[in-house]
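A.B. asks: here is my input, please return the structure:
(one chain, ligands or ions: 1)
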Amino acid sequence: MSEKTVAAISTPSGEGGIGVIRISGKDAITIANKVFKAANGTPLTSLAGYSAAFGYVFDGAEQIDEAVATVFLEPKSYTGENVCEISCHGGQYVTSAVLRAVLSAGAVMAAPGEFTKRAFLNGKLDLIKAESVMGVISAKSREELRVQLAAKSGKVSEEIDEIEAALLELSADFAAYSDYPDEDLPELSASNFERLINLAESKLSKLFLSFDSGKILREGVRAAIVGKPNVGKSTLMNMLSREKRSIVTDVAGTTRDVVENNVNFAGLNLILADTAGIRQTKDVVEEVGVELAKDRLSSAQLILAVFDSSDELDNNDKEILSLLSPDNTIVVLNKTDKQSKIDASAFGGFKTVLISAKNALGEAELEKAVREITAADSIDPAAALLLSERQRDLVAKALSTVTEAKNMLLGGFTIDAVEVLVEDALSTLYTLNGKRVTNEVADEVFRRFCVGK
Ligand code: GDP
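C.D. replies: Next up, the predicted model:
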């Protein structure tokens, strides 16, 4: 346990209802007690863990704010140390003033991620769970939050534990044979070796693949709304984001830039571009937008291609359609509140959804289509999903070592040679979950955290 008691503002900077100054370390309660006087006169140092007191924060003799102080006593706290959280008003000046008072009373400023790092060092969570703390904070959609929470509750760690257990059993079996180097392996043991190494390999391989399937959750889905002018793209964008951000007008060609918006839709974070209407144009400024729209088509993972169902398809519509692929496109037939004139047979092969963007009708059907085309439903948010590059790299390393060990085992190499590889794979897994980790690796993980976490 670290000697120093650290403090930081744990809430984001800006104005809000409350701001929290967190203090952690051996002297956390004593230090908090120097700056905080409870209204009922009870010193914080006499409070039991998990209790709170209302009172006043002082910097010397000067009262800075009213606040609630919550006391957690080691080991039952986030960091595993004594912790006091002072919840004062959430202003930039007032939270800094409270922090300054706490620092003058003997705490030192916490480094980024220091609270979670202390939790890790005190055995409260492993390195994978610690990474998912950051993931929970930065989650941008319902589904991402669910996978981050699953990792935080130990889904990935449990998988790693099972792989570790298989490799350890293998290693112990090898040790039993090392006394008889010249002896042939009995049938039974050889098949047990194979079973264990296959188990480790298949679990590692599944974890490795999970990184890619979780990509749309971590990074969001690059999406684009396309269609000729006036079909209702901006109105659809507004319907999706439930905010009036794009300009909606009756004059064809008003949306000239690609407006990018993070939109939470269908449980996913759509990085949505509302592109300029694709059509032949003589307007140079507009042309730039049209080029951008075409660019976007080639890079998007999801395209919402909007057509006006109250009109017949014209050459512009047909040209747009010719640029699209059913693999990543949902045809959105808009303005279904009006009489239909469109020939829907032109969209054969495409997933098609009927909506009235202006009246926000058809949202549930569109949501369903988005989940289908992005394969969001095939991701089990409760499953073990690798969530960081660090995790993926280490799993890849362990996997290739285990595969090499397996090939050697099947190729009749000596047990000693195979054992070296198994030990190597184990040590990679220990770096992954932090069971055996250098300071540099731990620092690298926590460096990405924000101050106060
Ligand atoms: P964009 O150029 O494709 O972005 O089209 P806008 O979103 O600016 O819409 C063009 C016009 O169509 C506006 O007058 C909208 O109010 C109208 N509009 C959009 N969606 C609908 C709809 O579902 N029904 C009807 N009747 N009009 C719509």
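A.B. asks: gap between the strand or helix carrying Lys206 and the chain center?
C.D. replies: Lys206 belongs to helix 187-213 when elements are defined using DSSP states H and E. The chain centroid and the centroid of helix 187-213 are separated by 27 Å, computed with CA atoms, centre = their mean, to the nearest Å.
A.B. asks: please apply the same query to stretch 432-445.
C.D. replies: 20 Å.
A.B. asks: mind saving the C-alpha coords of it as CSV?
C.D. replies: The C-alpha trace of stretch 432-445 is given here as CSV (Å, rounded to 0.1, in the frame of the first residue of the first chain):
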residue,chain,number,x,y,z
LEU,A,432,-2.6,-9.6,-19.6
ASN,A,433,-4.4,-9.8,-16.3
GLY,A,434,-1.7,-8.2,-14.3
LYS,A,435,-0.9,-11.2,-12.0
ARG,A,436,2.8,-10.7,-12.9
VAL,A,437,3.3,-7.3,-14.4
THR,A,438,6.1,-4.8,-14.5
ASN,A,439,5.6,-1.2,-13.3
GLU,A,440,6.0,0.0,-16.9
VAL,A,441,3.1,-2.1,-18.2
ALA,A,442,0.8,-1.1,-15.3
ASP,A,443,1.8,2.6,-15.8
GLU,A,444,1.1,2.3,-19.5
VAL,A,445,-2.4,1.1,-18.8
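A.B. asks: begin at 26 from now on, thanks
C.D. replies: From this message on, residue numbering opens at 26, which makes the last subject stretch 457-470.
A.B. asks: identify the residue spatially nearest to Gly387, adjacent ones excluded.
C.D. replies: Nearest residue to Gly387, sequence neighbours excluded (CB to CB, 6 or more residues apart in numbering): Ile380, at 3.2 Å. All C-beta spots, glycine's among them, are computed from the backbone N, C-alpha and C.
A.B. asks: circling back to that earlier point, pull out the buried positions in the helix holding Lys231.
C.D. replies: 218, 221-222, 224-226, 228-229, 232-233, 235-236, 238 (16 or more other CB atoms under 10 Å).
A.B. asks: what helices or strands is the helix or strand just after it leaning on?
C.D. replies: Scanning forward in sequence from helix 212-238 by DSSP H and E, the next helix or strand is helix 240-244. Using 3 or more CB pairs under 8 Å, 6 or more residues apart in numbering; DSSP states H and E, the elements in contact with helix 240-244 are helix 167-177.
A.B. asks: and the helix it packs on with helix 212-238, angle?
C.D. replies: Orientation check (axes from the mean of the first three to the mean of the last three CA atoms, to 10 degrees): helix 167-177 against helix 212-238 gives 150 degrees.
A.B. asks: for helix 167-177, packing partners?
C.D. replies: If you count contacts as 3+ CB pairs under 8 Å, 6+ apart, helix 167-177 packs onto helix 152-163, helix 240-244.
A.B. asks: what ranges does the stretch 376-478 of the chain have for its helices?
C.D. replies: Shown for the stretch 376-478 of the chain, the helices assigned by DSSP state H, counting those that start in this stretch span residues 388-398, 414-435, 440-458, 464-472.
A.B. asks: format these as CSV; extra columns: mean pLDDT and mean neighbour count.
C.D. replies: Below are those laid out as CSV (pLDDT from 0 to 100; neighbours: other CB atoms under 10 Å):
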stretch, mean pLDDT, mean neighbour count
helix 388-398, 94, 17
helix 414-435, 95, 19
helix 440-458, 94, 19
helix 464-472, 83, 14
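A.B. asks: mind checking these for the one nearest to Arg125?
C.D. replies: Closest to Arg125 of the helices of the stretch 376-478 of the chain is helix 464-472 (CB to CB; 24.3 Å).
A.B. asks: show me what the closest one is packed against.
C.D. replies: helix 139-146, helix 152-163.
A.B. asks: now that helix, how far from the centre of its chain.
C.D. replies: 19 Å.
A.B. asks: got the contact list for that helix?
C.D. replies: Under the criterion CB atoms under 8 Å, 6 or more residues apart in numbering, residues 136-139, 141-142, 145-146, 152, 155-156, 415, 456, 459 lie in contact with helix 464-472.
A.B. asks: ok, back up a step: the helices and strands packed on helix 464-472: lowest mean pLDDT?
C.D. replies: Lowest mean pLDDT within the helices and strands packed on helix 464-472: helix 152-163, at a mean of 91.
A.B. asks: just want the angle from it to helix 440-458.
C.D. replies: Going by the same axes, to 10 degrees, helix 152-163 makes 30 degrees with helix 440-458.
A.B. asks: buried set for helix 152-163?
C.D. replies: Buried residues in helix 152-163, counted by 16+ other CB under 10 Å: Leu152, Ile153, Lys154, Ala155, Glu156, Ser157, Val158, Met159, Gly160.
A.B. asks: tabulate the helices and strands packed on helix 167-177 in JSON lines, adding columns for distance to the ligand.
C.D. replies: Shown next, in JSON lines, are the helices and strands packed on helix 167-177 (distance: least, CB to the nearest ligand atom, whole Å):
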{"stretch": "helix 152-163", "distance to the ligand": "31"}
{"stretch": "helix 240-244", "distance to the ligand": "26"}
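A.B. asks: ok, which stretches of the stretch 226-375 of the chain are helices?
C.D. replies: Under DSSP H, counting those that start in this stretch, the stretch 226-375 of the chain gives helices at 240-244, 258-266, 309-324, 340-347.
A.B. asks: ok, now how distant is the residue lying closest to Ala53 once chain neighbours are set aside from Ser49?
C.D. replies: With CB to CB, 6+ apart as the criterion, Ala53 has its nearest non-adjacent residue at 4.2 Å, and that residue is Asn107. Applying CB to CB, to the nearest Å, the value for Asn107 to Ser49 is 7 Å.
A.B. asks: for the stretch 26-175 of the chain, which segments count as strands?
C.D. replies: Using DSSP state E, counting those that start in this stretch, the strands of the stretch 26-175 of the chain run over residues 31-34, 41-49, 61-63, 76-84, 87-97, 108-115, 133-134.
A.B. asks: could I get those strands as CSV with mean neighbour count, mean pLDDT and distance to Ile250?
C.D. replies: CSV is the format used below for the strands of the stretch 26-175 of the chain (neighbours: other CB atoms under 10 Å; pLDDT from 0 to 100; distance: least, CB to CB, whole Å):
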stretch, mean neighbour count, mean pLDDT, distance to Ile250
strand 31-34, 24, 98, 40
strand 41-49, 22, 97, 34
strand 61-63, 20, 98, 53
strand 76-84, 17, 97, 49
strand 87-97, 18, 97, 46
strand 108-115, 24, 98, 37
strand 133-134, 13, 97, 46
